[in-house]
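Trainee: Predicted coordinates and the sequence they were generated for:
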Amino acid sequence: MVSPRLPIDFDLEEELLPRHLEEWTRGSGVAEAIVRANVQSYAGESVHELLIGDRLEQAGAHGQQYATRAVRALLNNRDTLALGGWACHGVDLQNGCHSDTGFVVFKPDHPRTKKNGRIAKYEHPAGIPERIVALRMPGDDDYWARIKANPSIDIVLDESGGKKLGAWLTAGIPALGVPGIWAGTPPLDSADPEPTTGFGYGEMLNRNQAKKEKDRGGHWSTRRWQQ
């Protein structure tokens, strides 16, 4: 399988390409420091490693060079993703560490078309459960701990996992991304079919208590962590 030709201006040694930085800063009003703390550019096989790396290894191949049937099935319809894009990693709230998690939000420069005919604007790693997305606050490792400690501060929940969160943080408003319908919610218990809506600290770190609700206007409600 031949990899797509990369754009001439794509520097694989550069962590964040100028056009991706501009998309966040000029396009969405996100502070540059926040962008650089959370976003990285990817291209080539690094995109496939990011999105389907585990599946490739399970299929008996570490990269595209092994054109087995299983690998071809994984790479099918993902050719254009290798042309590049940006990925938002953020903070791992599950363990409180400012390190990359298995779940990321990837926005390709050239999105693929899904089987249903829709454009896949964003991509997530295959086989990785959707998780709450929290951006790093540059130079402030205790940011989210302080937000939790002050129950009077509301936290915006947004179904996006990237630029909107950065715009909220730039404006001084804490925001968490909850992509997907059930991201952040615990499995339904037959004895208690309603997911808990509280944001207790321990539950939050375990990704067990985030719940999205819509108000009558169809917008995501603003909720705060509760004891």
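Mentor: Here it is on my side, so go on. Numbers count the residues shown, from 1 in each chain.

Trainee: all strands for the chain, in order.
Mentor: Using DSSP state E, the strands of the chain run over 39-42, 85-88, 105-108, 155-158, 175-177, 222-223.

Trainee: what packs against the first one?
Mentor: Applying 3 or more Cβ pairs under 8 Å, 6 or more residues apart in numbering; DSSP states H and E, one finds that strand 39-42 contacts helix 18-28, strand 85-88. (Each C-beta comes from the backbone N, C-alpha and C, glycine too.)

Trainee: Can you tell me the strand partners of that strand and which way each runs?
Mentor: The strands beside strand 39-42 in its sheet (DSSP bridges) come out as strand 85-88 (antiparallel).

Trainee: The strand it pairs with - what's its average pLDDT?
Mentor: Computed over strand 85-88, the mean pLDDT rounds to 92.

Trainee: what does that strand contact?
Mentor: 16-17, 20, 23-24, 38-43, 47, 50, 104-110, 123, 133, 135, 161-162 (Cβ atoms under 8 Å, 6 or more residues apart in numbering).

Trainee: Domain boundaries for the chain, per the record?
Mentor: 18-108, 143-223 (automatic domain parsing).

Trainee: Any of the contacts of strand 85-88 buried? List them.
Mentor: Buried members of the contacts of strand 85-88, scored by 16 or more other Cβ atoms under 10 Å, are 16-17, 20, 23-24, 38-43, 47, 50, 104-109, 123, 133, 135, 161-162.

Trainee: comparing the helices and strands packed on strand 39-42, which gets the lowest mean pLDDT score?
Mentor: strand 85-88 (a mean of 92).

Trainee: who's in contact with the closest residue to A175 other than its chain neighbours?
Mentor: If you skip the residues right next to it in sequence, A175 has W168 as its closest partner in space, 3.6 Å away by Cβ to Cβ, 6 or more residues apart in numbering. With contact taken as Cβ under 8 Å, 6+ apart, W168 is in contact with 156, 158, 174-175.

Trainee: Need the max-distance pair from those residues.
Mentor: The span of those, defined through Cβ to Cβ, is set by D158 and P174 at 11.1 Å.

Trainee: Quick check: bridge partners of D158?
Mentor: Under the criterion used (DSSP bridges), D158 bridges to G177.

Trainee: ok, it to H89 distance?
Mentor: Distance from D158 to H89, counting by Cβ to Cβ, to the nearest Å: 17 Å.
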